[in-house]
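Novice: Show me how the following folds:
(one chain, ligands or ions: 1)
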Amino acid sequence: METHEINKRFLAHFQAKDHTPVPSASLILDDPTLLFVNAGMVQFKPYFLGEVPPPYPRATSIQKCVRTGDIDEVGKTTRHNTFFQMAGNFSFGDYFKEGAIANAWELITKSQDDGGFGFDPDRIWVTVYENDSEAAGLWQKVAGIPSDRIQARDGRDNYWDMGVPGPGGPCSEIYYDRGPGFGREGGPVVDEDRYLEIWNLVFMQDIRGEQSPKYGHPPIGELPKKNIDTGMGVERVAYLLQGVENVYETDLVRPVIARAEEFSGRRYGADHADDVRFRVIADHARSGVMLIGDGVTPGNEARGYVLRRLLRRIVRSVRLLGVHEPVLPEFAAVVRDAMAPSYPEIARDFDRISEVMRVEEEAFLQTLTSGSRIFDLAAEETKKAGGNVLAGDRAFQLHDTYGFPIDLTLEMASEQGLSVDEDGFRTLMEEQRQRAKADAAARKKGHGDLSVYRELLERHGETDFLGYTDLQATAKVIGLLKDGQGVPVVREGDKAELILDRTPFYAESGGQVADTGVLLGSGGEAKVVDVQKIVPGLWVHRVEVIAGEIGLDTEVTGSVDQTRRGSIARSHSATHLVHAAVRGAYGRRAAQAGSLNSPGRMRFDFTTPGPVSTDVLTEVEEEVNDYLQNDVEVQAYTTTKDKALELGAVALFGEKYGDNVRVVDMGEYSRELCGGTHVGRIGELGLVKLVSDSSIGSGVHRVEALVGTDALKHVRKEQLLVSQLANTFKVPSDQLPSRIEDVLSRLRNAEKEIAQLRTQQVLGSAGSLADKATDVQGVAVVAEKVDGDIDAGALRSLAQEVRNRLGSRPGVVALFAPQGEKLSFVVATTAAARDKGFAAGKLVPSFAEAVGGRGGGKPDLAQGGGSNPAGIEQAITALRGAVAAG
Ligand code: SER
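Specialist: From the prediction side, this is the model:
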């Protein structure tokens, strides 16, 4: 039975029993306690808690779910999916245990002809919570399950909650016995592989507190009503009904494995390690597509990081299957074809999904390439020093600087006969984690505890920000902190935090950097180096006292560095104009993803549905500069959020706004919710020059621009560069492109010619090598060391050429080329030799150890490398020995 059919039957069964079908919620629901939606009940949580009256007493759904807690188990067991579908039925204060048990029993045991799943009732086992004799009794009464197939388990297995405070309850799980071939007798308490859980019925009745009843802590209250939440694992039912071995071989997942088989030329089912890789690819490709479909983009934090990890694990597994080309969009297409019948949005949005994958893969492959070079160097150094353990700090550097996953380092090291100091690596990782934590904490809170700031806020209220209109103001010092501790006075040389009742200084926020300037008191002066809103509403000035002293409760005059502020304001206004132009070009799907407004320079990140062309950016630049000439006045005003959105103001996705918002207008062209500081009229920007554009991760594009005189300086610098180049190439500047192209193409041709000459030279020695063939038990063996710094490609051609010259004789050619401290080798066999059972790949192990190497290949040709050129003679003897032995 196909998965889509399982879903259809499930919904139909419960609809016939008056359940309202509810579509799956997005994988990212606005629930701060969850990274991803991981159960069917998540979207109904407010109904269980009684926060919102349920619109229907009964519901049913097929929910998309992602669970990434067991990511390392994927592919190794029969049942771990990161993405899966949970089919569920829900009662909100309507039926309870008896209804849930009867409904589930009917569907699983009803024959397939009658629309059920047709499981054999005699192979069903169930578990119940500790002393829930009511449930146990109902299973006997309603389903006729004998008591020896009903097992009681404690909270760890049979209590369900969301892992955080919220609704919960005891549960009863349904298992299917796959038979004696799959494990030990004795029910789910003995073996959960043989007895596979397919459905969990939760009797949702409690409120769980900080500690879970799973571990014996009593619930902190009762839900207003008794409810039902069930979850059937669709993939598990599919794998049982489809008669396959595991969840990865079901109809919606297996096609990706097939595609990976095509790519790699390897077969699923032939080798255990490869099989795990195939399954990882299939599982993660599906999760990746579904997550991107719901708006997650790869990144370095939270959801984005999980997605990145999944995608990178695919790339890595593919690589370990011997494929080095980009593959993600190909897998994505297979997933789309499988999933679209149930999730049409995946097909509609496919171009974007595929693009996000393409970009992420490209970036990671780049990482792998540069990392591999560093790895080779490190490996070489290790061997040169006579060691066989790659130092922990090198593995750490690979990870930290090149994003190289440790398991890849381990894998590559073992290919070279090295091991890795994993303990050393982990110590460094832990140290870095601690440092990062301390840094983040220090940056956020200064050195103190947030409670100090909260108290100040409570006592004095929010800081009055005057900086939209005033760049200088007198204010009272209401807080002074040194190393996080309140102090009465700060003196020359002190670094401190200073809180004022009002301030003209802008605190870093909304992508705009903080103001700097000075604070002048009657007895001293301080430089303001940074301003942060450490708790919302409280402006904290980070200062260095440069003269005298400043005391608590005294007055100071704060002056913002005006020139700097002017140039920040120009950047920020430019960002709004670029944002408007980008939206003009790409429509609403180009959403702002971040920005930085610093003096004279702006950076704007946005997501796009596809690649960004240079033409479009040129248009954006032109449009912005055209618009500057209108010199419209910038208007800022406060209004209600609803009104602002009605006016069409652009709000940033994910930002939290209060009920009253500030809107910044630049004529009709741009209207955004924004708390930043801007120029008075846009003419002040003078010139906006885009200087770089790049992709910074999947689907996110970054443009940077210089504004005003900084833009002019940039143009001047570029001009100078062009004239220098024109001088060097001795042509007028407009002829530079064709001149450079010309020089490059001559260079390429020359390189090609050199390579050809070298190859000819190498191949020229084929004849004399073939003449050196000696007879070993009826096989012509050419086993020689080849000098002259030949690369692996040329060596291979040479071996093939020598083999050709051996003609129809049984022949084995083995050539070794030392390259400094390393060597490469090639073994080739003639067809007649292969008929006699000599496979090139199989001969490699006979001599590999002698040259400190590894390698492998097909029966006709095998290639490899080693680290001990001194062992070549010995290797040659060993190879001859192997041929002699037959
Ligand atoms: N919420 C329960 C689970 O996830 C049943 O749907 O297992």
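Novice: burial measure for the residue of the chain found nearest the ligand, as a count.
Specialist: The nearest approach of the chain to the ligand comes at residue 231, 2.4 Å away (C-beta to the nearest ligand atom). Where C-beta positions appear, they are placed from N, C-alpha and C, glycine not excepted. Counted with other C-beta atoms under 10 Å, the neighbours of residue 231 add up to 26.
Novice: Next secondary structure element downstream of the helix or strand hosting it?
Specialist: Element membership for residue 231 (DSSP states H and E) is strand 221-233. Counting by DSSP H and E, the element after strand 221-233 in chain order, helix or strand, is helix 234-241.
Novice: What lies in contact with that next one?
Specialist: 1-3, 6-7, 10, 62, 78-79, 81, 84-87, 117, 119, 176, 178, 196-198, 245-247, 249-253 (C-beta atoms under 8 Å, 6 or more residues apart in numbering).
Novice: Now find how far off-centre it is within its chain.
Specialist: 28 Å (C-alpha atoms, centre = their mean, to the nearest Å).
Novice: check which helix or strand covers residue 833.
Specialist: According to DSSP H and E, residue 833 maps onto helix 831-835.
Novice: Kindly report the same for residue 332.
Specialist: According to DSSP H and E, residue 332 maps onto helix 328-339.
Novice: which residues are contacting that helix?
Specialist: The contact list for helix 328-339 (C-beta under 8 Å, 6+ apart) reads 251-253, 255-256, 258-260, 263, 281, 285-286, 288-290, 311, 314-315, 346-347, 350, 353-355, 357-358, 360-361.
Novice: Point out the other helices and strands that the host helix or strand of residue 716 packs with.
Specialist: Per DSSP H and E, residue 716 falls inside helix 709-729. Secondary-structure packing of helix 709-729 (3 or more C-beta pairs under 8 Å, 6 or more residues apart in numbering; DSSP states H and E): strand 688-695, strand 700-707, helix 736-764.
Novice: Spell out which parts of the protein neighbour the ligand.
Specialist: 39-41, 88, 160, 200, 202, 229-231 (C-beta under 6 Å from any ligand atom).
Novice: change it to 5 Å
Specialist: Counting by C-beta under 5 Å from any ligand atom, the chain comes close to the ligand at 39, 41, 200, 202, 229, 231.
Novice: Report the buried residues of the strand holding residue 231.
Specialist: 223, 225-233 (16 or more other C-beta atoms under 10 Å).
Novice: circling back to that earlier point, buried members of the contacts of helix 234-241 into PyMOL, please.
Specialist: Buried subset of the contacts of helix 234-241, written as a PyMOL selection, criterion 16+ other C-beta under 10 Å:
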select buried, resi 1+3+6+7+10+62+78+79+81+84+85+86+87+117+119+176+178+196+197+198+246+247+249+250+251+252+253
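Novice: Which ones among the contacts of helix 234-241 lie within strands?
Specialist: Here DSSP state E is the test, and the contacts of helix 234-241 give 62, 84-87, 176, 196-198 as lying in strands.
Novice: sorry, back to before: what's the angle from the strand holding residue 231 to helix 234-241?
Specialist: 40 degrees (axes from the mean of the first three to the mean of the last three C-alpha atoms, to 10 degrees).
Novice: partners of strand 221-233, with directions?
Specialist: Note on strand 221-233: by DSSP bridges, its sheet partners are strand 83-91 (antiparallel), strand 195-208 (antiparallel).
Novice: could the ones you listed go into a markdown table alongside distance to residue 52 and mean pLDDT?
Specialist: Output for the strands paired with strand 221-233, formatted as a markdown table (distance: least, C-beta to C-beta, whole Å; pLDDT from 0 to 100):
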| stretch | distance to residue 52 | mean pLDDT |
| --- | --- | --- |
| strand 83-91 | 14 | 97 |
| strand 195-208 | 15 | 96 |
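Novice: which stretch among those comes nearest residue 380?
Specialist: Nearest of the strands paired with strand 221-233 to residue 380, taken as C-beta to C-beta: strand 83-91 at 41.3 Å.
Novice: Output the below-cut-off pLDDT ranges for the stretch 501-650 of the chain.
Specialist: Across the stretch 501-650 of the chain, the ranges flagged by pLDDT under 70 are 588-589, 609-610.
Novice: For it, which segments count as strands?
Specialist: For the stretch 501-650 of the chain, the strands defined by DSSP state E, counting those that start in this stretch cover 502-503, 517-521, 524-533, 539-551, 555-560, 591-598, 601-607, 634-640.
Novice: how about those in a markdown table, adding mean neighbour count?
Specialist: Output for the strands of the stretch 501-650 of the chain, formatted as a markdown table (neighbours: other C-beta atoms under 10 Å):
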| stretch | mean neighbour count |
| --- | --- |
| strand 502-503 | 22 |
| strand 517-521 | 20 |
| strand 524-533 | 20 |
| strand 539-551 | 20 |
| strand 555-560 | 20 |
| strand 591-598 | 19 |
| strand 601-607 | 22 |
| strand 634-640 | 13 |
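Novice: any idea how far the strand or helix carrying residue 497 is from the chain center?
Specialist: Element membership for residue 497, per DSSP H and E: strand 495-500. With C-alpha atoms, centre = their mean as the basis, strand 495-500 stands 39 Å off its chain's centre.
Novice: That one pairs with which strands?
Specialist: Sheet pairing of strand 495-500 (DSSP bridges) gives strand 472-482 (antiparallel), strand 539-551 (antiparallel).
Novice: which one's the longest helix in this protein?
Specialist: Ranked by number of residues, the top helix in the chain under DSSP state H is helix 350-384.
Novice: need the next SSE after that one, C-terminal direction.
Specialist: Moving toward the C-terminus from helix 350-384, the next helix or strand (DSSP H and E) is strand 389-390.
Novice: Could you tell me the angle between the helix or strand just after that next one and helix 350-384?
Specialist: Where DSSP H and E defines the elements, the next helix or strand beyond strand 389-390 is helix 392-402. Relative orientation of helix 392-402 and helix 350-384, computed by the same axes, to 10 degrees: 150 degrees.
Novice: Check the average confidence over helix 392-402, would you?
Specialist: Averaged across helix 392-402, the pLDDT comes to 84.
Novice: mind checking how far that helix is from the chain centre?
Specialist: Put simply, helix 392-402 sits 19 Å off its chain's centre (C-alpha atoms, centre = their mean).
Novice: Name the residues of it that are buried.
Specialist: Buried residues in helix 392-402, counting neighbours by 16+ other C-beta under 10 Å, are found at 392, 394-399, 402.
Novice: Give me the helices and strands touching that helix, please.
Specialist: Applying 3+ C-beta pairs under 8 Å, 6+ apart, one finds that helix 392-402 contacts helix 350-384, helix 406-415, helix 422-445.
Novice: helices and strands around the second one, which ones?
Specialist: The one in question is helix 406-415. Contacts defined by 3+ C-beta pairs under 8 Å, 6+ apart place helix 406-415 against helix 302-320, helix 350-384, helix 392-402, strand 419-420, helix 422-445.
Novice: what angle separates it from helix 350-384?
Specialist: Relative orientation of helix 406-415 and helix 350-384, computed by the same axes, to 10 degrees: 40 degrees.
Novice: what pLDDT does residue 317 get?
Specialist: According to the prediction, residue 317 has pLDDT 91.
Novice: picking that back up, so for residue 215, which of the helices and strands packed on helix 392-402 sits nearest?
Specialist: Across those, residue 215 has its closest neighbour in helix 422-445 (27.2 Å, C-beta to C-beta).
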